[in-house]
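> Okay, sequence plus prediction incoming.
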Amino acid sequence: MEETRRALLLIADIGGYTEYMQSHRTILGHAEAATRRLLEKVVDAARDFDLIEIEGDAAFLSREADSLDGGAMLTSITGAVVAMHRAFHVERRLVELNLCPCESCTQTSELKLKFVAHVGEVAVQKIKRRRRLVGVDVILVHRLLKNPVQASEYVLLSEDLYRSGGTSLPDHTMREISLDLEGIGLVR
């Protein structure tokens, strides 16, 4: 294992994926192809982030944060999120209009995209040829996916990431929530 380093952690998660896959079981190949195309476009649009892993219906991405100040971290996250969101919706519409007339291809509008982001300490673990990030902050960003946010599409920033940017983001666009994460405690 390598030394720890500070990293921006970002997960882009397709909302509605389980329901979409369940309702299109008979044409699973088309549903898989549609979601694969969507995830590929999301990953391609992730500015300056490295793909760590595809986790079913989510892309886990990271970027070194040691050389970034707080404002640059928030700018990096928001730029990536906007580009990924736009790429997802453009591709989703192209799939609906161009693949084929089956329900899997024409009903991708059921799918939405949500994001969670955090900044923290990580280490790189290499097993065989695979590289993965490990550490409490990796666990934290994944646990942020299980939250009470009712919106179908959103960006959830940890307080650590949000506060690192000072006043880069207008407070009127934010809503604070508190989560009691197992093994971690209260996170805002």
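Happy to help now that I have it. Residues are numbered from 1 along each chain as shown.
> what is the mean pLDDT for the lengthiest helix in the chain?
Counting by DSSP state H, the longest helix found in the chain is helix 70-98. Here helix 70-98 scores 91 as its mean pLDDT.
> so what does that helix touch, helix or strand wise?
Contact analysis of helix 70-98 by 3 or more C-beta pairs under 8 Å, 6 or more residues apart in numbering; DSSP states H and E lists strand 5-15, helix 28-45, helix 103-106, strand 112-127, strand 155-157, helix 159-164 as its packing neighbours. In short, each C-beta sits where N, CA and C put it, glycine included.
> Contacts for the fifth one next, please.
I take that to be strand 155-157. Strand 155-157 is touched from outside by 77-78, 81, 114-118, 144, 147, 149, 177, with contacts defined as C-beta atoms under 8 Å, 6 or more residues apart in numbering.
> again, only this time at 6 Å
Strand 155-157 is contacted from outside by 81, 115-117, 144, using C-beta atoms under 6 Å, 6 or more residues apart in numbering.
> Distance from the chain centre to that strand, please.
Counting by C-alpha atoms, centre = their mean, to the nearest Å, strand 155-157 is centred 9 Å from the centre of its parent chain.
> Could you find the closest non-adjacent residue to Glu64?
Distance criterion C-beta to C-beta, 6 or more residues apart in numbering; nearest residue to Glu64, sequence neighbours excluded, is Ala7 at 6.0 Å.
> Tell me which residues of the helix or strand bottoming out on mean pLDDT in the chain come out buried.
Within the chain, no helix or strand scores below helix 103-106, which has a mean of 78 by mean pLDDT, DSSP states H and E. Neighbour counts over helix 103-106 (16 or more other C-beta atoms under 10 Å) mark 104-105 as buried.
> list the helices and strands that helix packs on?
Where contact means 3 or more C-beta pairs under 6 Å, 6 or more residues apart in numbering; DSSP states H and E, helix 103-106 is packed against helix 28-45.
> mind listing what Ala80 touches?
46-47, 49.
> among these, which one has the lowest pLDDT?
The lowest pLDDT within the contacts of Ala80 belongs to Arg47, with 83.
> Against the centre of this structure, work out the most remote residue.
In terms of distance from the mean C-alpha position of the chain, Pro101 ranks first, at 29.3 Å (C-alpha atoms, centre = their mean).
> Secondary structure of that residue: a helix, I assume?
No - Pro101: not assigned to a helix; according to DSSP: H, G, I helix; E, B strand; the rest coil it is coil.
> how close does it sit to Ala31?
Relative to Ala31, Pro101 is positioned 14 Å away (C-beta to C-beta, to the nearest Å).
> what's the answer for Ala12, then?
19 Å.
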